[in-house]
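Novice: one predicted model, sequence on top.
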Amino acid sequence: MERIRITDHAEGQDRVLTDDALAFLLELHDAFECSRQQLLQDRRKRRAALADGETPRFLEATAHVREDDSWRVAPPAPGLEDRRVEITGPIERKMTINALNSGAKVWLADCEDASSPLWRNVIASQVNLQDAIRDRISFTSPAGKEYRVTATETPTIVVRPRGWHLDEHRIVVDGKPMSGSLVDFGLHLFHNGRELIARGRGPYFYLPKLEDHREARLWDDVFVLAQDRLGIDRGTIRATVLIETITAAFEMEEILWQLREHSAGLNAGRWDYLFSMIKAFRLRGPDFVLPDRARLTMTAPFMRAYTEQLVRACHRRGAHAIGGMAAFVPSAKDPVATERALRAVAADKSREAGDGFDGSWVAHPGLVETCRAAFDAVLGDRPHQLDRSRDDVAVDAAALIDLSTTEGEITDAGLRSNIEIAIRYMEAWLRGHGAVAIHSLMEDAATAEISRSQVWQWIHNESVTSDGRTVTRERCEAIVAELAASFGEGEDDRFREAIELFRETALEEAYPAFLTLAGTERYLGDGARRPATGPVPVQVAADEPAEARTAA
Ligand SMILES: CC(=O)SCCNC(=O)CCNC(=O)[C@H](O)C(C)(C)COP(=O)(O)OP(=O)(O)OC[C@H]1O[C@@H](n2cnc3c(N)ncnc32)[C@H](O)[C@@H]1OP(=O)(O)O
Ligand SMILES: O=CC(=O)O
Ligand SMILES: [Mg+2]
């Protein structure tokens, strides 16, 4: 019996899942699947311990790594010296070309927060990467617009594979799904690694949602085996780790140390970081309940502690510190939203550049110049500011987890906005869109996780909105019912399933660790339910207003 089985088909698959590529994936699976499962098991234990009241802390066992001043990560690899503007986005064909023409220094080609893991997306991402790297990508829109790469200098490509928690259930080995991380990583490296090196850059990665330094070590082990197997020099692969969980924030230097030969720095993944905070402390009582999502800015004291400590850790170790994503996006149809986005992004990037970051992310080509200007003002002609030590920053465990000083209230509008964003995002995700603009804000898996998690936390803490009303499941259901009236009922719409998924991830007693896991198991996996049709079902408590009962 063939050990590896592909359970689905998508256009372009033959170019991606070649026999040699599958043999490489199998080798990665055999070498690392046990360790991945062990680490996922450890995650579950740690999550339970945090829920039971354990406080994250700096590890005693690795104090020597933090205290030893002598080590540094490898110097920047070709194409990664100057990272002042990085554009992110899903690896769709048109967006790939637009990103390559955007003028950014780096393109984060995303199989993660901005991607919905439909099989056709997984395969198309790999096809588009192959073509983009070989300068043979073009696209004609349904309206007949032609797209080609015209920029003389294109961004360095950095691929973000899925996180360790996600399976790729369409590639089954000995009856078990492969790791989504290893599939995204392995296919890109196998097909494009040598080509990238020949073109003067290299196979570079962003590593998402790591929860501790042992998970970084697993990636390092993967890199070593993969390079040896493909005859690529050790240290050629480079990885920037997103610090976007509260536990990883206590192990920043350990993560750099584990990957030191392959490290390209750290990134402050603010949205998943906020999600991680809410998840970790969701049952810790009022001091850990955060206000409306709109009030969770980078100037909140706990967020400042996080970014300041990240820059300090990176620059102590000669590693790039890369800033995160301001969610405001411009809109050709809305000059007011555009003006607001440009102002907000300029302020965000100026603060990051002033704090010592070496570059930052933008979500949209219309923001590249704004980000560049903010970093130009601080960097000038220098490619980075690694020489800017932030030893003035206090390493302060308490500051990282002190949420009690976050200003702002929970409002009815904030509750409604969370429910609407979560459902609209889940609906788009089920249709295959991993990033969408909703009310001129970029929404992706990380921001949607915040929205649904806040709703869950507010219900379970019986939080009270500024109008004096308690957040209850029934109140949320009434809002769902009102919103449902405004949702489309087009043939392709998936609002019915999106509402079910929202209920499962925000309104139930149990708290699913990731909406993407819940969504994949229920709607995208092997045993997935068939898409439902008909009116959106709503649940309304007897004492809710009558109009809430009529959504259809
Ligand atoms: C928490 C995190 O992980 S953040 C990182 C993950 N998230 C992301 O990467 C989000 C990236 N951004 C996006 O996906 C998009 O900007 C969205 C979905 C938010 C908005 O996209 P749209 O609705 O298409 O925006 P809009 O209509 O203004 O786009 C104008 C043009 O810019 C292009 N564009 C917009 N964003 C991008 C991008 N990130 N990369 C490349 N091209 C882009 C569009 O394709 C469109 O091209 P066209 O004029 O040739 O048709
Ligand atoms: O991946 C980035 C984030 O903010 O989450
Ligand atoms: Mg993230």
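Specialist: Everything's here; your move. What you see is a predicted model, and the numbers here were worked out from it, not measured in a lab. Ligands and ions are numbered 1, 2, ... in the order given.
Novice: so which residues on the stretch 51-200 of the chain come close to ligand 3?
Specialist: Proximity of the stretch 51-200 of the chain to ligand 3 is confined to residue 113 under the rule C-beta under 5 Å from the ion. All C-beta spots, glycine's among them, are computed from the backbone N, C-alpha and C.
Novice: how about the helices in the stretch 51-200 of the chain?
Specialist: Taking DSSP state H, counting those that start in this stretch as the criterion, the stretch 51-200 of the chain carries its helices at 63-67, 93-100, 119-133, 180-198.
Novice: and the ones you listed: which comes nearest residue 79?
Specialist: Closest to residue 79 of the helices of the stretch 51-200 of the chain, according to C-beta to C-beta: helix 180-198, at 8.8 Å.
Novice: what residues does the following helix or strand past the closest one touch?
Specialist: Remark: after helix 180-198, the chain's next helix or strand is strand 204-207, criterion DSSP states H and E. With contacts defined as C-beta atoms under 8 Å, 6 or more residues apart in numbering, strand 204-207 is touched by 77, 79-80, 108, 112, 156-161, 185, 196, 216, 219, 237-242, 264, 267.
Novice: sorry, back to before: out of the helices of the stretch 51-200 of the chain, the one nearest residue 487 is which?
Specialist: When the helices of the stretch 51-200 of the chain are compared by C-beta to C-beta, helix 119-133 sits nearest residue 487, at 23.0 Å.
Novice: mean confidence for that closest one?
Specialist: Helix 119-133 comes out with an average pLDDT of 98.
Novice: do that helix and ligand 1 meet at all?
Specialist: No - counting by C-beta under 6 Å from any ligand atom, ligand 1 has no neighbours in helix 119-133; the shortest distance is 11.8 Å.
Novice: show me what that helix is packed against.
Specialist: Helix 119-133 is packed against helix 13-16, helix 93-100, strand 156-160, strand 167-173, helix 180-198, with contacts defined by 3 or more C-beta pairs under 8 Å, 6 or more residues apart in numbering; DSSP states H and E.
Novice: skip the chain neighbours and tell me the closest residue to the residue in the chain positioned nearest to ligand 3.
Specialist: Ligand 3 sits closest to residue 272 of the chain, with a gap of 3.5 Å, by C-beta to the ion. Nearest residue to residue 272, sequence neighbours excluded (C-beta to C-beta, 6 or more residues apart in numbering): residue 244, at 3.6 Å.
Novice: thought residue 367 was touching residue 331?
Specialist: No - taking contacts as C-beta atoms under 8 Å, residue 367 lies outside contact range of residue 331: 11.9 Å.
Novice: tell me the contacts of the residue positioned nearest the centre of the chain?
Specialist: Centroid check for the chain by C-alpha atoms, centre = their mean gives residue 113 as the closest residue, at 3.6 Å. Residues counted as contacts of residue 113 (C-beta under 8 Å, 6+ apart) are 160, 208, 271-272, 434-435, 444-446.
Novice: who has more neighbours out of residue 367 and residue 331?
Specialist: Set residue 367 next to residue 331 and count neighbours by other C-beta atoms under 10 Å: residue 367 wins out with 28 against 17.
Novice: re the thing from before, per-residue confidence for the residue nearest to the centre of the chain?
Specialist: On pLDDT, residue 113 comes in at 98.
Novice: same check, this time on residue 205
Specialist: Reading off the confidence values, residue 205 has pLDDT 99.
Novice: what residues does this protein have near ligand 1?
Specialist: The chain has residues 87-90, 94-95, 98-99, 110, 113-114, 271, 325, 329, 331-332, 363-365, 435-437, 442, 444, 446 near ligand 1, with proximity defined as C-beta under 6 Å from any ligand atom.
Novice: among the residues you listed, which ones are buried?
Specialist: Buried residues within these, counting neighbours by 16 or more other C-beta atoms under 10 Å: 87-90, 95, 98-99, 110, 113-114, 271, 325, 329, 331, 363-365, 435-437, 442, 444, 446.
Novice: so which of those belong to strands?
Specialist: Judged by DSSP state E, strands contain the following of these: 87-90, 110, 436-437, 442.
Novice: farthest pair within those residues?
Specialist: Once C-beta to C-beta is applied, these give 87 and 436 as the farthest pair, at 16.8 Å.
Novice: quick one: low-confidence residue ranges for the protein.
Specialist: Scanning the chain for pLDDT under 70 picks out 1, 525-552.
Novice: got the contact list for residue 317?
Specialist: Contacts of residue 317 (C-beta under 8 Å, 6+ apart): 71-73, 253, 256-257, 260, 263.
Novice: any idea how far residue 72 is from it?
Specialist: 5 Å (C-beta to C-beta, to the nearest Å).
Novice: which neighbours do the two share?
Specialist: Residues touching both residue 317 and residue 72 (C-beta under 8 Å, 6+ apart): residue 260.
Novice: domain ranges for the protein, per the record?
Specialist: With domains defined by automatic domain parsing, the chain comprises 4-56+83-399, 412-549.
Novice: can you redo the ones you listed as a markdown table with distance to residue 66?
Specialist: Putting these into a markdown table (distance: least, C-beta to C-beta, whole Å) gives the following:
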| stretch | distance to residue 66 |
| --- | --- |
| domain 4-56+83-399 | 5 |
| domain 412-549 | 28 |
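Novice: out of those domains, nearest to residue 406?
Specialist: The closest of those to residue 406 is domain 4-56+83-399. By C-beta to C-beta, the value is 4.8 Å.
Novice: so is that closest one next to ligand 2?
Specialist: Yes - using C-beta under 6 Å from any ligand atom, a contact is recorded between domain 4-56+83-399 and ligand 2, made by 113, 242, 244, 269-272, 324-325.
Novice: so which of those are in helices?
Specialist: Cross-referencing the residues of domain 4-56+83-399 next to ligand 2 against helices under DSSP state H gives 270-272.
Novice: what's the span of stretch 376-396 from first residue to last?
Specialist: Stretch 376-396 has an end-to-end distance of 31 Å (criterion: C-alpha to C-alpha, to the nearest Å).
Novice: in that stretch, what's buried?
Specialist: 378-379, 383-386, 390, 393, 395.
Novice: and residue 216, how many neighbours does it have?
Specialist: With other C-beta under 10 Å as criterion, residue 216 counts 24.
Novice: cool, and residue 350?
Specialist: Look at residue 350: counted by other C-beta under 10 Å, it has 17 neighbours.
Novice: please name the nearest non-neighbouring residue to it.
Specialist: Nearest residue to residue 350, sequence neighbours excluded (C-beta to C-beta, 6+ apart): residue 374, at 4.5 Å.
Novice: okay, the one you found and residue 326: tell me how far apart.
Specialist: In terms of C-beta to C-beta, residue 374 sits 11 Å off from residue 326.
Novice: need the residues touching each of these two.
Specialist: Contact criterion C-beta under 8 Å, 6+ apart; residues shared by residue 374 and residue 326: residue 349.
Novice: hmm, back to that, quick check: neighbours shared by residue 367 and residue 331?
Specialist: residue 341.
Novice: apart from its neighbours in sequence, what residue is nearest residue 7?
Specialist: Spatial nearest neighbour of residue 7, excluding adjacent residues (C-beta to C-beta, 6+ apart): residue 170 at 5.0 Å.
Novice: for the one you found, what are its contacts?
Specialist: Residue 170 makes contact with 6-8, 119, 122, 177, according to C-beta under 8 Å, 6+ apart.
Novice: mind redoing it with 10 Å?
Specialist: Residues in contact with residue 170 (C-beta atoms under 10 Å, 6 or more residues apart in numbering) are 5-10, 13, 17, 117-119, 122-123, 177-178, 180, 183, 524-526.
Novice: make a PyMOL selection of the buried ones in those.
Specialist: The PyMOL selection below is limited to those of the contacts of residue 170 classed as buried (16+ other C-beta under 10 Å):
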select buried, resi 10+13+17+117+118+119+122+123+177+178+180+183+524
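Novice: on that earlier part again, of the contacts of strand 204-207, grab the buried ones for ChimeraX.
Specialist: Here is the ChimeraX command that selects the buried residues among the contacts of strand 204-207 (16+ other C-beta under 10 Å):
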select :77,79,80,108,112,156,157,158,159,160,161,185,196,216,219,237,238,239,240,241,242,264,267
